[in-house]
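Q: Mind folding the following:
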Amino acid sequence: MTEQATIQMNQPPSRHDTGTRVWERVWKHVPDAEKDNAALTREREGPRWACIVDAIESTFGGLEGLRTVELGSGRADLSVLLAERGAKVTLVDQSDKALDLARERFDRLGLPAEYREGDLLNPSRLIDEQFDVSLSYGVIEHFKHDARTQTIKTHHDVLRPGGLAVIGVPNSRCPQYRVWKAYLELRGWWPYGMEIPYSRRELLRRAEEVGFVKSRVPCTGFWQAIGDQWGRSILGRGPDWSQKKSMLDPWLGFSLLFLGWRANESSRG
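A: Numbering: from 1, shown residues only. As a prediction, this is how the structure comes out:
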């Protein structure tokens, strides 16, 4: 989740927890309107959103009118930005609490959205629909073994032919993130349960297995990880380096962004 670094670290030990228990605790820490607007501005002006917009515009020509679905949406940072640009957004989460919070947020911002309860591992209620863009951020790293492939498959299967999947995950090669996570786990402060970061190789391998015909994985956030995770999260204050770029981003940045395209009908067979 894009809000992870701002959550107070006063949770009980939960590194092995999974499912709704973890997120019920996380959703207790919702920012007020001023902080929420600042977080959205930060995301809107950051390199990750710029990369997403570039991929969508190069695929479809624009965002206006696109049908998008955010899987494991939470409060749906990315869908807010998509809705601002005229996309028709659908939010899917297994947590009623998360969907209620998302609805409050969208209502406050005057943005339309559809809300559905659903499970990434049981997507039968979604498969009969086809979206232009499927996306998630901070979700699929909370699964293990074959479920990791299934979550990516769900992103693929809800797309129309030629559609685009956008999946953000933490980078297993980011040293700042790995040390930060280990430190919080050691102190009993880690609030996100089981979280297994991805390598670029694993993302591409699993994506190929489920049928993506074209994919790439840019990476951002080398300096942002230091400012957010060590400064703002551990020390309670720190620089905002979300816009700061580094030559190390492609290898040691915090955020891997999988971009995958489903085959067009004409390319099947």
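
Q: As a check, name the ranges of all strands in the stretch 151-269 of the chain.
A: In the stretch 151-269 of the chain, the strands defined using DSSP state E, counting those that start in this stretch lie at 159-170, 214-216, 219-220, 255-261.

Q: Run the angle between the longest one and strand 255-261 for me.
A: The one in question is strand 159-170. Strand 159-170 runs at 170 degrees relative to strand 255-261, counting by axes from the mean of the first three to the mean of the last three C-alpha atoms, to 10 degrees.

Q: what are the pairing partners of strand 159-170, and which direction each?
A: strand 131-137 (parallel), strand 255-261 (antiparallel) (DSSP bridges).

Q: In PDB, could you pull the C-alpha coordinates for stretch 196-211?
A: Only the C-alpha atoms of stretch 196-211 are listed here, as PDB (Å, rounded to 0.1, in the frame of the first residue of the first chain):
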ATOM      1  CA  ILE A 196       7.300 -11.700   0.700                       C
ATOM      2  CA  PRO A 197       8.900  -9.200  -1.800                       C
ATOM      3  CA  TYR A 198       9.400 -10.000  -5.400                       C
ATOM      4  CA  SER A 199      12.300 -10.000  -7.700                       C
ATOM      5  CA  ARG A 200      11.900  -8.900 -11.300                       C
ATOM      6  CA  ARG A 201      12.700 -12.400 -12.500                       C
ATOM      7  CA  GLU A 202       9.900 -14.000 -10.400                       C
ATOM      8  CA  LEU A 203       7.400 -11.500 -11.600                       C
ATOM      9  CA  LEU A 204       8.300 -12.100 -15.200                       C
ATOM     10  CA  ARG A 205       8.400 -15.900 -14.800                       C
ATOM     11  CA  ARG A 206       5.000 -16.100 -13.200                       C
ATOM     12  CA  ALA A 207       3.500 -13.600 -15.700                       C
ATOM     13  CA  GLU A 208       4.600 -15.800 -18.600                       C
ATOM     14  CA  GLU A 209       3.100 -18.800 -16.900                       C
ATOM     15  CA  VAL A 210      -0.400 -17.300 -16.800                       C
ATOM     16  CA  GLY A 211      -0.400 -16.000 -20.400                       C
END
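
Q: and for it, what are the contacting residues?
A: 140-144, 148-149, 152-153, 156-157, 167, 169-174, 177-178, 215, 217, 219, 256, 258, 260, 262-263 (C-beta atoms under 8 Å, 6 or more residues apart in numbering). C-beta: built from backbone N, CA, C; applies to glycine.
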